[in-house]
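Asks: Just the structure for this:
(one chain, ligands or ions: 1)
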Amino acid sequence: MMAQMEQPRIAIIGGGISGLSTLHFLKRRLPVEVSIRLFESDSRLGGTIGSDRVDGYVCDWGPNGFLDRVPLTLRLVEELCLQDRLRPANPQADNRFIYRHGRLHAISASPIKFMTSSLLSLRGRLRVTMEPLIKPKRDDTDESVFDFAARRIGREAAEAMIDPMVSGIFGGDAKAVSLRSCFPVMEEMERNYGSLFRAMLAKKKSGKNAGPAGPSGRLTSFDNGLYTIIERFHELYRDQIQKDSPVLRIIKTPQGYQVEFSGGPSETFSAVVLATPAFASAQILHDTDRQLSDLLYQIPYASLAVCCFGYSGDKRARELEGFGFLVPRNEGKRILGSICTSSIFQDQAPTGQVLLRSMIGGYTDPAAVQLTDNDLISLVHSELQAILGLQTKPAFVRIFRYEKGIPQFTLGHSDRLKQIDQRLDTLPGIYLASNAYSGIGLNDCVTRALESAKKLVTFLRASMTLS
Ligand SMILES: Cc1cc2nc3c(=O)[nH]c(=O)nc-3n(C[C@H](O)[C@H](O)[C@H](O)COP(=O)(O)OP(=O)(O)OC[C@H]3O[C@@H](n4cnc5c(N)ncnc54)[C@H](O)[C@@H]3O)c2cc1C
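Replies: Now for the predicted structure:
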């Protein structure tokens, strides 16, 4: 209950999954009298989440699902009454592949299948088996994902298996991103058990999930694509949401934080959650705290293009089965990988048609996103033809571009976060949600949204006599 004087007013900036989840968590935690408003610069909500539903195809713009391993996200789905609309990935589409030396190789967690697979040379496979003998790193310095992998499982496995995983998940460069920030579990496994294999064995014995960094959990979406969740947020909270409202900057005043909009009057709020990309937050906070703004600008972003191709009547395409494939950067191809959406979510393509979703660009190929539609289509199609043996041109095409798509947790990211937190300590009532800090997945965004909401409620309770 509110006990006194003026009502607190809260602003959330950014209407992607981070901002919308923050709005939801705050609405459930604060009395109805507290004014909570969300400002989105665009005329639509969702940020990188979008689903085009055309000609029987469902093409997700950016993310195409979340892993069902985080109870908080599943609880959020229930709170939004969307549990009946969840669509887990088809278990028959579990097989994943890596393209190497001109062909696709199935990847398997089974040691026997791995040892008999042709993905790595015999020498490369033997080097992987020596992992338990490799001494753990003793110092506490940040290490790149590539260096860690090369040290533990050998350079060949790092190039063939870890490099494509990083470009597939983060659009990132394995040599530039930090193990500590991207795969903290792996760092812990080495620290606690001295070896990844030993850690996996110990976890297996204790009945816990054994995978070091792979996608434990099942990819899950909704009927009609991921945008379903954004539509639901909008239905529930339309009165609190203001679209077409780009925030220019925030200024600290004795009354709180004055939020200035592009082309509109400013408003003062008691607390503000910035659920905007780090570079946008940097700009918004520039006149509030220059140091914080500089730190936020230091978080780089990778550009990406997502190419959705629908094939009708291509015999080879119809034979495709499995989840998809990844391409190591040293294989001379520009696509980072493709997933077979019509195998994973069978209701996202018309019966008998095949929907492939390929990613191109990333941190190591920033020029790809600048290609014209025609150039992208012919480049991606010719690489798919070479890799999969497709015979026909796509009958259906959708392309989505992200100039600054995915934040990169490069070496030093964890130190940067500590400094960001120190600056935030001097700005009570300002919180940073979004995928730029503690994880890029949708689960991470939801988790950080809840943390931001809880901190904000504590702040209001302490400063405004909320009971
Ligand atoms: C191609 C691609 C594929 C992905 N695949 C997956 C996947 O399969 N699974 C997964 O878990 N994650 C995936 N991700 C990551 C995931 O999509 C993102 O981390 C997540 O959607 C980010 O949400 P967000 O709300 O933090 O940011 P955003 O979605 O970027 O939202 C930020 C919002 O802030 C608004 N904004 C910006 N500046 C201002 C301003 N000045 N004033 C007001 N509003 C402003 C923007 O318009 C935007 O709506 C993928 C990302 C991309 C790009």
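Asks: When you work out contacts or count neighbours from here on, use the C-alpha atoms and nothing else.
Replies: Noted.
Asks: Tell me, how many residues neighbour residue 348?
Replies: Using other CA atoms under 10 Å, residue 348 has 22 neighbouring residues.
Asks: I figured it was touching residue 56, is that so?
Replies: Yes - the pair residue 348 / residue 56 is scored as a contact, 7.1 Å apart, by CA atoms under 8 Å.
Asks: How many residues are close by the residue lying closest to residue 391 once chain neighbours are set aside?
Replies: The shortest distance from residue 391 to any non-neighbouring residue, by CA to CA, 6 or more residues apart in numbering, is to residue 314 (6.2 Å). Neighbour count of residue 314, defined by other CA under 10 Å: 18.
Asks: isn't residue 314 right next to residue 395, touching?
Replies: No - using CA under 8 Å, residue 314 is not in contact with residue 395; the gap is 9.8 Å.
Asks: Now tell me what touches the helix or strand hosting residue 452 from outside.
Replies: Here residue 452 sits within helix 442-464, counting by DSSP states H and E. The contact list for helix 442-464 (CA atoms under 8 Å, 6 or more residues apart in numbering) reads 4, 8, 17-19, 21-22, 25-26, 29-30, 66-67, 70, 72-73, 271, 273, 428-429, 431-435, 438-439, 466-467.
Asks: swap in stretch 6-22?
Replies: 23, 33-41, 45-49, 230, 233, 247, 268-276, 433-435, 442, 445-446, 448-450, 452-453, 460, 464.
Asks: just to revisit the earlier point, buried among the contacts of helix 442-464? Make that a PyMOL selection.
Replies: Here is the PyMOL command that picks out the buried ones among the contacts of helix 442-464, judged by 16 or more other CA atoms under 10 Å:
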select buried, resi 8+17+18+19+21+22+25+26+30+66+67+73+271+273+428+429+431+432+433+434+435+438+439+466
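Asks: Check the contacts of helix 442-464 one by one and keep those near the ligand.
Replies: 17-19, 66, 434-435 (CA under 6 Å from any ligand atom).
Asks: Identify the farthest-apart pair in those residues.
Replies: Using CA to CA, the pair of these lying farthest apart is 19 and 66, separated by 17.0 Å.
Asks: about what we covered before: work out the gap between the helix holding residue 452 and the centre of the chain.
Replies: 20 Å (CA atoms, centre = their mean, to the nearest Å).
Asks: mean confidence for that helix?
Replies: In this model, helix 442-464 has an average pLDDT of 95.
Asks: Indicate whether that helix makes contact with the ligand.
Replies: Yes - on the criterion CA under 6 Å from any ligand atom, helix 442-464 is in touch with the ligand at 442, 445.
Asks: shift numbering so it begins at 7
Replies: Okay, residue one is now 7; in that scheme the one you just asked about reads as helix 448-470.
Asks: Now do the buried residues in that helix.
Replies: Those would be 448-463, 465-466, 470, for helix 448-470 by 16+ other CA under 10 Å.
Asks: How about the residues of the stretch 107-256 of the chain by the ligand?
Replies: Counting by CA under 6 Å from any ligand atom, the residues of the stretch 107-256 of the chain near the ligand are 251-254.
Asks: how about the residues you listed, which pair is most distant?
Replies: 251 and 254 (9.3 Å).
Asks: export the helix or strand harbouring residue 421 as CSV, just CAs?
Replies: Residue 421 belongs to helix 419-431 when assigned by DSSP H and E. Output of helix 419-431 as CSV, limited to C-alpha atoms (Å, rounded to 0.1, in the frame of the first residue of the first chain):
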residue,chain,number,x,y,z
HIS,A,419,33.2,-7.5,-20.1
SER,A,420,32.9,-8.6,-16.5
ASP,A,421,35.2,-5.8,-15.3
ARG,A,422,33.2,-3.4,-17.3
LEU,A,423,30.0,-4.6,-15.6
LYS,A,424,31.5,-4.0,-12.2
GLN,A,425,32.4,-0.4,-13.1
ILE,A,426,28.9,0.0,-14.6
ASP,A,427,27.4,-1.2,-11.3
GLN,A,428,29.6,1.2,-9.3
ARG,A,429,28.4,4.1,-11.4
LEU,A,430,24.8,2.9,-11.0
ASP,A,431,25.3,3.0,-7.2
